[in-house]
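Chemist: My questions are about this predicted structure, shown below with the sequence.
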Amino acid sequence: MQDKNIVQVNYHQTGKSTNTNELGMREMQARVYQHRKSKYILVKAPPASGKSRALMFVALDKLANQGVKKVIVAVPERSIGRSFKNTDLVEYGFYEDWRVDPQYDLTLNGGQESKVQKLLDFLKDPGSRILICTHATLRFAYQKVADDHAFDNVMIAIDEFHHVSSEDNSVLGEALRNIMHNSSAHVLAMTGSYFRGDSAPILSPEDEQQFDKVTYTYYEQLDGYKYLKSFGIDYKFYQGRYTDALDEALDTTKKTIIHIPSVNSSESTKDKYDEVDRIYDAIGDVASQDEQTGIDYIKDKHTGKLLKVANLVNEDGRERVQDYLRQLSGPDDLDIIVALGMAKEGFDWPWAEQALTIGYRHSLTEIVQIIGRVTRDSSNKNHAQFTNMIEQPDAKDGDVEYAVNQILKAITASLLMEQVLAPEIHLKRRQHRNEKPTGDADILIKGLKEPSSKRVQSIIENDLPDLKAAILQDDSVKQGIAANVDAEVMNKELVPKVVMTRYPDLSSDEVEEVSQYAVADTVLRHAKVETTQDSKGNSDQFLRMADKFINVDDLDINLIESINPFQRAYDVMSQNIDSNTLRLIERSIDAKKYNFSEDELVQLYRNAKVFVAENGKMPSKESNNEEEIRMAYALAKLADLRARRAQESE
């Protein structure tokens, strides 16, 4: 099994993101508080940036100064409700503490029916101010409310907002739309996800335009930490059972969260309890279990240290383990967590150093959430790591096409995460040769099209992460990456096609403008900056893009568009997997390029035999002759069919 740390981002440990101002607010919270008078606020900020406390500051101001009478905080699951428990704010400089009446904390134990009624009672109770509930409770309660005006002068705060959808079957999405349109309610929405390419948008474009957006980037958050210096994404490719490859992926010296694959996935052995046992064997020898907490003690086979391991896969005793996890007070309290669907969103273990995830996760949002578990600042670590074990395609075993697709999705998702984790850049058209950037993040490009409409400008400023997520998950783009297509095909055909699909209201010129910015942004974020200095002390900055080394003053859009923005994804794939597997992937992609009938395959096979006899070589896909190209792809299709038949006969 081979590995390649394809993402490595270093940070400056400025401490800025965790320092507080005279009101006790972190940088992100102060940024949100500046918008406290807005009726609708959408906060995009990473895990651990302090979104829950930002909500408290805004909610308390609305209750005290803006005529809002009640605040409803909705979280996706009960365990996240503890993020909004009673919090002392006055001692840090704010004018009021956050206090929740226990009868209106509906994330505590209790039946759903009674909680729905409690929310309805809360809306009518003149003395009540703050209520905490789950998304589900809010949904059910809304369906029983006779009139949307029941939410007049109420602030609705929705945590983990990416659970909401604009799709017609999303009850919470419909409730939010109706409340916005038919009442005087205020809305504060918070999410740690930067892209929605993996599902329906959260809001309709019309509704989203009503929100004041506050964005706090991953880079700002991590660069401003006190302890964390770097973050990496690593891949371990394996064949056979993942449990047999764990020794090469598991580092028991790091505080680790292990997420095993869903029982419905190809990576699963279909016996989750046996998988936990095998993970335990990879760690060492089980010594004992604490009957009170349910925590397992395992003697590390490499160091001999007694490790504390939490098993969140087994249902038996899980409540005891969860209770223990809620009371962790330091790094010595726990070493490893093994989980299936838990310990992701909203889970707080700040001492976690590594997330080891088996199998590609089909939601980019889920990847963000898992990464967020290890990117909290803590004195016990200076590096955070996300390691993903991915099944490598094998012609003799399993669905090659599925495995190829999993690898491509994993790698492209990581490249997207690399862009999210890196500093912001702002692309601008260079007007003249001696023009200098006005901001540190500005990059001037000769020939870059100016946005011709407010719609294009809005997409470029607010939607590029979402758009790039959609591009990287498009089947044609993924196949183009695997086939290492020419830059022209990628940038002039495949990318614009995704832009047209995502924004059908754009004109052809607007599609070209948006595509240009998406490609340039992707290429330049992956470029490496190098500085040279002459004998007189004058310095020049150069960008290394693919195999080109360019002075930043000479950047030209034609040059940028001559580069495949996803070349690096192909490079990572080819470096990480062996040549036989790469040929297997190439064949799988080639076999789908043309839709040949059986008669065409027979005829092209005959033509190829004549071609080889006459030319002494096999037909090439790189030929300028269309018929030769068709013969090459027909042979690839036949090879793929033979391999599948051989597999079925075994």
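Modeler: Great, that's in hand.
Chemist: Pop the domain breakdown of this protein in here.
Modeler: Domain assignment of the chain by automatic domain parsing yields the ranges 17-216, 224-391, 420-571, 591-649.
Chemist: In CSV: these, plus mean neighbour count, distance to Asn10 and mean pLDDT.
Modeler: (Glycine included, C-beta is placed from N, CA and C.) Formatted as CSV, the domains of the chain follow (neighbours: other C-beta atoms under 10 Å; distance: least, C-beta to C-beta, whole Å; pLDDT from 0 to 100):
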stretch, mean neighbour count, distance to Asn10, mean pLDDT
domain 17-216, 18, 16, 89
domain 224-391, 18, 5, 91
domain 420-571, 17, 10, 84
domain 591-649, 14, 39, 81
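Chemist: Pipe those domains into a markdown table and attach distance to Val404 per row.
Modeler: Shown next, in a markdown table, are those (distance: least, C-beta to C-beta, whole Å):
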| stretch | distance to Val404 |
| --- | --- |
| domain 17-216 | 19 |
| domain 224-391 | 10 |
| domain 420-571 | 7 |
| domain 591-649 | 10 |
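Chemist: closest to Tyr11 out of these?
Modeler: Among those, domain 224-391 comes nearest to Tyr11, with 5.9 Å by C-beta to C-beta.
Chemist: Can you give the distance of that closest one from its chain's centre?
Modeler: With C-alpha atoms, centre = their mean, to the nearest Å as the basis, domain 224-391 stands 19 Å off its chain's centre.
Chemist: end to end, how far does that domain reach?
Modeler: 36 Å (C-alpha to C-alpha, to the nearest Å).
Chemist: what does stretch 229-244 give?
Modeler: Counting by C-alpha to C-alpha, the terminal residues of stretch 229-244 are separated by 32 Å.
Chemist: Validate this expectation: Ala469 resides in a helix.
Modeler: Yes - the assignment for Ala469 is a helix, going by DSSP: H, G, I helix; E, B strand; the rest coil.
Chemist: I'd assumed Leu364 was in contact with it.
Modeler: Yes - with contacts counted by C-beta atoms under 8 Å, Ala469 reaches Leu364, the gap being 5.7 Å.
Chemist: tell me the secondary structure for Leu5?
Modeler: Small correction: residue 5 is Asn, not Leu. strand.
Chemist: same question but for Ala643, I mixed them up
Modeler: helix.
Chemist: repeat for Arg544
Modeler: From three-state DSSP, the assignment for Arg544 is strand.
Chemist: Check the gap between it and Ala518 for me.
Modeler: Computed as C-beta to C-beta, to the nearest Å, the Arg544 to Ala518 distance reads 21 Å.
Chemist: Then Ile371?
Modeler: Distance of Ile371 to Ala518, computed by C-beta to C-beta: 23 Å.
Chemist: wait, what's in contact with Lys492?
Modeler: Glu561 (C-beta atoms under 8 Å, 6 or more residues apart in numbering).
Chemist: same deal with the one 4 residues further on?
Modeler: By C-beta under 8 Å, 6+ apart, the contact list for Pro496 reads 511-512, 515.
Chemist: try Val612
Modeler: Here Val612 is in contact with 618-619 (criterion: C-beta under 8 Å, 6+ apart).
Chemist: contacting residues around the nearest residue to Glu345 once chain neighbours are set aside?
Modeler: Closest residue in space to Glu345, ignoring its immediate chain neighbours: Gln369 at 4.6 Å, by C-beta to C-beta, 6 or more residues apart in numbering. Gln369 sits next to 47, 192-193, 344-345 when contact means C-beta under 8 Å, 6+ apart.
Chemist: now with 10 Å?
Modeler: Applying C-beta atoms under 10 Å, 6 or more residues apart in numbering to Gln369 gives the contacts 47, 160, 162, 192-193, 343-347, 355, 361, 363.
Chemist: Return the member of those residues nearest to Gln292.
Modeler: Checking the contacts of Gln369 against Gln292 by C-beta to C-beta gives Ala343 as the nearest, at 20.7 Å.
Chemist: Looks like that closest one contacts Ile258 (just checking).
Modeler: Yes - between Ala343 and Ile258 there is a contact under C-beta atoms under 10 Å: 9.2 Å.
Chemist: Now for those two: what residues contact both?
Modeler: 312, 337, 355.
Chemist: Among those, which are located in strands?
Modeler: Among the shared contacts of Ala343 and Ile258, the ones falling in strands (DSSP state E) are 337, 355.
Chemist: ok, and the closest non-adjacent residue to Pro437?
Modeler: Spatial nearest neighbour of Pro437, excluding adjacent residues (C-beta to C-beta, 6+ apart): Leu444 at 5.8 Å.
Chemist: hang on, isn't that neighbour packed against Gln431?
Modeler: Yes - between Leu444 and Gln431 there is a contact under C-beta under 10 Å: 8.3 Å.
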